[in-house]
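Colleague: okay, sequence plus prediction incoming.
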Amino acid sequence: MKNRIFFKLLAAFLIVIAATALTLDAMLGSAWEASLRAQIERDLTQKTLLFAHRVETDRTRSITEITAEEAQAAGARATVIDASGKVLADSESNPATMENHAGRPEFVAALVGRTASSERRSATLGIPFLYVAAPYPGGAVRLAYPLSDLEAVQAQVRRRLLWGSALALLIALLVAAGASILTARRLERIVDVAARIERGDLRARVDDPSLDEIGRVAVAIDRTAGQVERSFAAVRSSQHQLETLLNSMQDAVIAVSSDGLVQWANQPMDRLVPQRTRLNAPVVETIRDPDFLATVKAATTTKQAKTARATSVVPGRAFDVTAAPLPDGGAVAVLRDLTETERVEKTRRDFIANVSHELRTPLTSIQGYAETLLDSTPDNGAHTRDFLEIIRKNAARMARLTEDLLTLARVESGETRFETEPVPPVELLRDAQENFREIARGQGVEFEIIESNGQGGGTLESLPSVMADREAIHQVFSNLIDNAMKYGRAGGRIVLGARPATRGVEFYVQDFGAGISSEHLPRLFERFYRVDKARSRESGGTGLGLAIAKHIMLAHGGSIRAESELGHGSTFLFTLPTA
Ligand code: ADP
């Protein structure tokens with residue numbers, strides 16, 4: 001890590017240094033060279049002009065002497081030619097052996113009267129020369145200055161730049177090392193803190209106060225860690241609350257993963273099973289009850305809450321199991337001990353049954369004696385007969401009540417065994433009609449069976465047989481038709497019928513009377529629930545008819561419900577499973 005930052009920084013520095021050196025070399029070097037060259041040229045031009053002037057005016061010396069002296073003074077090679085280009089004198093060669101110089105570019109210009117310069121490599125010496133020529137009457141003079149010095153200067157500049165770059169590189173090396181060590185140390189601290197947070201140490205902080213990018217990363221990490229720490233504390237606290245809540249519950253709670261392993265269980269659950277629940281062990285090791293296991297599995301697979309009654313979780317005790325799916329698969333199951341509730345419920349039922357049973361005989365006796373007295377009491381204007389009639393009526397009502405209570409208690413407790421057999425629906429309907437035809441006629445109520453089964457011209461005969469106890473269904477029909485007569489007679493018409501339903505055959509008893517307002521519908525099947533108490537009592541109702549019908553339907557594996565609208569009559573519908 002450290003090395004990588006170091007090398008990256010060094011590479012960056014190297015590139016900067018190289019670019020600077022090259023730019024300097026290209027720009028400074030060439031500018032410097034140009035100014036030096038210009039200086040040399042100016043200097044040489046002056047000297048050439050002086051040379052020309054001397055050749056023209058100095059008559060005390062020969063041209064050869066002047067040429068030698070000027071060459072010496074200028075540090076350059078001096079040459080004099082006549083107007084035809086013939087070399088008259090030269091400071092370094094014998095003019096007799098030298099070729100005609102009229103074609104040299106600087107001489108070409110000088111011979112027409114201009115001072116000119118030219119730069120080129122000497123054919124004889126192989127080094128670059130700067131030539132400057134100036135005219136004099138009768139020819140031209142020329143000074144040639146070797147530029148090899150200039151090249152030497154250039155090389156020196158390059159050398160210095162190279163050394164400078166090397167020095168800069170050394171400094172860069174040190175700076176890169178220092179910077180990389182510093183940066184790496186800060187980054188390593190960040191990595192270290194991140195690793196601690198990953199291991200769960202949420203209190204770890206970088207604490208880097210600097211304002212650069214690394215400092216900002218450190219601040220961001222510190223803030224994130226703080227936030228995570230606070231959220232984690234909140235989650236832990238709410239988890240703790242939940243655990244306390246679940247542990248203080250009476251019900252046993254157990255969470256099972258989708259692959260059937262115990263994930264969590266509250267203390268009541270631990271107390272329930274002798275071997276205690278083991279986390280991450282198959283739930284079947286803790287609870288072997290097949291109903292419980294099936295419910296949990298069903299909730300897991302169908303993703304819907306399921307309930308069941310389990311009797312072999314603990315021997316001799318019954319539990320109500322409710323399993324609800326968990327969002328990430330698996331299910332949580334709540335086991336409510338029903339043993340005590342069921343015992344109390346049974347005691348209550350037994351008590352009611354016993355009381356009803358015990359009341360039967362005295363009530364029959366009261367009824368009998370009241371009737372006997374009625375028969376033997378003359379109608380002499382005194383109120384004796386009226387009072388006796390009231391006694392008889394109330395005794396009859398109480399007898400009905402005890403009868404209904406007894407029936408309900410027996411059906412509820414399962415004491416009444418229903419003998420179910422496949423029965424064609426039409427037979428159940430005809431049976432009911434038979435029983436009530438005369439009564440209906442007596443009350444002036446139209447009473448009929450709808451022959452169509454509501455399915456494209458199908459008849460009642462075409463409906464499949466249902467599993468039913470004829471006696472019990474007869475009782476259900478009786479209660480419903482009796483109610484229709486009592487409360488719906490004003491409609492003048494009662495109809496019975498049946499039609500196919502999703503899970504069996506649906507039977508219905510419809511009247512066209514006053515109807516029931518919607519707020520009563522959900523409670524209609526509770527015992528003693530009456531919409532209009534006085535009316536019910538008046539018509540001899542006990543408030544138990546629908547409760548009995550509901551329990552008979554439950555015992556058949558069917559269901560019952562009511563549909564009604566105030567002023568538009570009521571329909572009571574019950575469904576029996578097909579055979
Ligand atoms: P009850 O012995 O009072 O008739 P039920 O359990 O048979 O008791 O009925 C409960 C109540 O439901 C009745 O008191 C009555 O108010 C209402 N009810 C039942 N059937 C009808 C109906 N066909 N039309 C209107 N109200 C009805």
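Modeller: Thanks, I have the structure now. Numbering: from 1, shown residues only.
Colleague: what residues of whichever strand or helix holds His240 count as buried?
Modeller: Assigned by DSSP states H and E, His240 belongs to helix 213-247. Under the neighbour-count criterion of 16 or more other C-beta atoms under 10 Å, helix 213-247 has Ile214, Ala218, Val219, Ile221, Asp222, Ala225, Glu229, Leu246 buried. C-betas here are computed from N, CA, C, even on glycine.
Colleague: what residues are up against the fifth one?
Modeller: In this case it means Asp222. Applying C-beta atoms under 8 Å, 6 or more residues apart in numbering to Asp222 gives the contacts Arg205, Val206, Asp207.
Colleague: just the CA atoms of stretch 297-310, as CSV, please.
Modeller: What follows is stretch 297-310 as a C-alpha-only set of coordinates in CSV (Å, rounded to 0.1, in the frame of the first residue of the first chain):
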residue,chain,number,x,y,z
LYS,A,297,-45.3,-26.2,7.5
ALA,A,298,-48.6,-25.0,6.0
ALA,A,299,-48.0,-21.4,7.2
THR,A,300,-44.4,-21.5,5.8
THR,A,301,-45.4,-22.8,2.4
THR,A,302,-48.7,-21.0,1.8
LYS,A,303,-47.5,-17.7,3.4
GLN,A,304,-50.8,-17.5,5.3
ALA,A,305,-51.7,-17.7,8.9
LYS,A,306,-52.9,-21.2,10.0
THR,A,307,-54.6,-22.4,13.1
ALA,A,308,-55.1,-25.9,14.5
ARG,A,309,-55.7,-27.8,17.7
ALA,A,310,-52.8,-29.9,19.0
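Colleague: neighbour-wise, which of the contacts of Asp222 leads?
Modeller: Val206 (21 neighbours; other C-beta atoms under 10 Å).
Colleague: that residue belongs to a strand?
Modeller: No - with DSSP: H, G, I helix; E, B strand; the rest coil as the criterion, Val206 is assigned coil and is not in a strand.
Colleague: surely it meets Ala218?
Modeller: Yes - Val206 lies in contact with Ala218 (C-beta atoms under 8 Å); the separation is 3.8 Å.
Colleague: so what's in contact with the two at the same time?
Modeller: Arg189, Ile190.
Colleague: and which of the contacts of Asp222 is nearest to Ala484?
Modeller: Using C-beta to C-beta, Arg205 is the member of these that lies nearest Ala484, at 79.6 Å.
Colleague: next up, the contacts around the closest one.
Modeller: By C-beta under 8 Å, 6+ apart, the neighbours of Arg205 are Val193, Asp222, Ala225, Gly226.
Colleague: between those residues, which is closest to the ligand?
Modeller: Of all those, the ligand sits closest to Gly226, with 64.6 Å by C-beta to the nearest ligand atom.
Colleague: excluding its backbone neighbours, what's nearest that closest one?
Modeller: Arg205 (8.0 Å; C-beta to C-beta, 6 or more residues apart in numbering).
Colleague: how much space separates that neighbour from the ligand?
Modeller: 72 Å (C-beta to the nearest ligand atom, to the nearest Å).
Colleague: next: Glu451.
Modeller: In terms of C-beta to the nearest ligand atom, Glu451 sits 22 Å off from the ligand.
Colleague: and for the chain, the residue most distant from the center?
Modeller: Taking C-alpha atoms, centre = their mean, the residue of the chain most remote from its mean C-alpha position is Thr60, at 112.0 Å.
Colleague: what's the spacing between it and the ligand?
Modeller: Thr60 sits 160 Å away from the ligand, going by C-beta to the nearest ligand atom.
Colleague: go on, Arg561?
Modeller: In terms of C-beta to the nearest ligand atom, Arg561 sits 12 Å off from the ligand.
Colleague: show me what contacts that residue?
Modeller: Arg561 touches Phe572, Leu573, Phe574, counting by C-beta under 8 Å, 6+ apart.
Colleague: pLDDT for the contacts of Asp222 - can I get that in JSON lines?
Modeller: Conversion of the contacts of Asp222 to JSON lines gives the following (pLDDT from 0 to 100):
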{"residue": "Arg205", "pLDDT": "92"}
{"residue": "Val206", "pLDDT": "89"}
{"residue": "Asp207", "pLDDT": "88"}
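Colleague: in stretch 447-461, which residues are buried?
Modeller: In stretch 447-461, the ones that count as buried by 16+ other C-beta under 10 Å are Phe447, Asn453, Leu460.
Colleague: list the contacts for the second one?
Modeller: Okay, so that is Asn453. Thr459, Leu460, Ser462, Leu463, Gly497, Ala498, Arg499, Pro500.
Colleague: give me the local confidence score for Met1.
Modeller: We have a pLDDT of 47 for Met1.
Colleague: and the lengthiest helix in the chain, what does it pack against?
Modeller: Criterion DSSP state H: the longest helix present in the chain is helix 148-198. Judged by 3 or more C-beta pairs under 8 Å, 6 or more residues apart in numbering; DSSP states H and E, helix 148-198 is in contact with helix 2-24, helix 30-57, strand 128-136, helix 213-247.
Colleague: all strands of the stretch 201-350 of the chain, in order?
Modeller: 252-256, 262-265, 306-310, 319-325, 331-337 (DSSP state E, counting those that start in this stretch).
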